[in-house]
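K.L.:
Sharing a model that was predicted from the sequence below.
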Amino acid sequence: MKLNINIVDAFTTKQFSGNQAAVVLLESWLSAELMQSIASENNLSETAFVVCNSSGIYEIRWFSPIKEIDFCGHATLASAFVIFSTSTVISEITFWAEAVGNVIVNLRENGLIEMAFPNREPVEITEIPENLKEGLSMRPIAYLKNQQAYFAVMENEEQVKLVVPDLEKLKTLGPLDVVVTARSKEFDFASRYFWPANGGVEDPVTGSIHAGLAPYWAKILNKQELVALQASSRSGVLYCKVENSKVFVSGFCVSYLEGTINI
């Protein structure tokens, strides 16, 4: 069996930055075991598998190298980029995933791809797990949580860039991951994302967590449109807009590889 595969750098305008995602467009679903094996072999943050159903909706599933993931923004962005690249007439796609329902994706005239996510605004917590406190080398000024992760709010962007995670301690917090964030000098806010329980050490750029970061910072900064930096070693830029129950997260993509998987 031969399967087409694309590797895309997401949330960037230049190769070798942003977050890599593999995209495999299928006619019908493979077994979960085979999809996990492909994702583990790819060894990227995520591999997205996509099947267009009879209603024209693209069902999507995301796999990290170690497990299936409920919600992944950068691999959705990469999947939309691949689908848009196959046609000059398609400018809107509906993805569907069990954990988030329908995700509408639009291609804008300048090549920016906009995804409509559910609003996942975090709430502040007062009972902080000890391994969260001890799992970061610097003490945050606030702790929050949503369905996906614990949020550690730092005093400034420099702390976000310099904080060192204790991955063994953070791993015990699974299935929740940990995002550290602060105001940014050049952008509206910055973040880094650690996910030892679900995918690896540090995710280079995490679209899904901005469904929580954007509404949090929208209230703090009193603005609905924000530009975010994910300050990993590869780094990426995300354009966010908060509208009631929706958070729009947008970015650019660059193609890296088109190939064939031989099974």
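P.N.:
That came through fine.
K.L.:
Find the nearest non-adjacent residue to F84, please.
P.N.:
Closest residue to F84 apart from its sequence neighbours, by C-beta to C-beta, 6 or more residues apart in numbering: L107 at 5.0 Å. The way it works is simple: take the backbone N, C-alpha and C, and place the C-beta from them, glycine included.
K.L.:
which ones are touching that neighbour?
P.N.:
80, 84, 90-92, 113-114 (C-beta atoms under 8 Å, 6 or more residues apart in numbering).
K.L.:
now for these, which pair is the farthest apart?
P.N.:
Using C-beta to C-beta, the two most remote members of the contacts of L107 are I90 and E114, lying 14.1 Å apart.
K.L.:
isn't S184 right next to E157, touching?
P.N.:
Yes: the pair S184 and E157 qualifies as a contact (C-beta atoms under 8 Å) at a distance of 4.9 Å.
K.L.:
Overlap of the contact sets of these two?
P.N.:
Shared contacts of S184 and E157, defined by C-beta under 8 Å, 6+ apart, are found at A190.
K.L.:
Grab the nearest non-local neighbour of V227.
P.N.:
That would be F187: by C-beta to C-beta, 6+ apart, it lies 5.0 Å from V227.
K.L.:
Could I get the full set of helices for this protein?
P.N.:
32-42, 73-85, 130-134, 157-162, 167-171, 210-221 (DSSP state H).
K.L.:
Rounded mean pLDDT for the first one, please.
P.N.:
Over the span of helix 32-42, the pLDDT mean works out to 98.
K.L.:
Would you mind telling me which of the helices of the chain is nearest W62?
P.N.:
It is, among the helices of the chain and with distance given as C-beta to C-beta, helix 73-85, at 5.2 Å.
K.L.:
which residues does the closest residue in space to S85 that isn't next to it in sequence contact?
P.N.:
Sequence neighbours aside, S255 is the residue nearest to S85 in space, at 7.4 Å (criterion: C-beta to C-beta, 6+ apart). Contact analysis of S255 by C-beta under 8 Å, 6+ apart lists 6, 8-9, 81, 85.
K.L.:
Compare I90 and E114 (neighbour count), which wins?
P.N.:
Using other C-beta atoms under 10 Å, the more surrounded residue of I90 and E114 is E114, with 18 against 12.
K.L.:
Distance of the residue nearest to S85 relative to A10?
P.N.:
Note on S255: its distance to A10, by C-beta to C-beta, to the nearest Å, is 11 Å.
K.L.:
Tell me what V24 is bridged to.
P.N.:
As for beta bridges, V24 partners with F49 under DSSP bridges.
K.L.:
Based on its surroundings, how many neighbours for it?
P.N.:
Neighbour tally, V24, other C-beta under 10 Å: 23.
K.L.:
can you count the residues close to I104?
P.N.:
For I104, using other C-beta under 10 Å, the count is 14.
K.L.:
picking up where we left off before, tell me the pLDDT of the residue nearest to F84.
P.N.:
In this model, L107 carries a pLDDT of 97.
K.L.:
now do the one 3 residues further on
P.N.:
Looking at N110, its pLDDT is 91.
K.L.:
so who does it touch?
P.N.:
Contacts of N110 (C-beta under 8 Å, 6+ apart): none.
K.L.:
Recalculate using a threshold of 10 Å.
P.N.:
Contacts for N110 were tallied using C-beta atoms under 10 Å, 6 or more residues apart in numbering; they are F252.
K.L.:
Now it: phi and psi?
P.N.:
phi -90, psi 10 (degrees, to the nearest 10).
K.L.:
Roughly how far does it sit from A75?
P.N.:
22 Å.
K.L.:
And F84, by the same measure?
P.N.:
15 Å.
K.L.:
Could you list the domains of the chain?
P.N.:
Listed domain ranges for the chain are 2-117+249-262, 123-247 (source: automatic domain parsing).
K.L.:
Tell me how many other residues crowd the nearest residue in space to S17 that is not next to it in sequence.
P.N.:
Nearest non-adjacent residue to S17, counting by C-beta to C-beta, 6+ apart: R234, 5.0 Å away. Number of residues near R234 (other C-beta under 10 Å) recorded here: 18.
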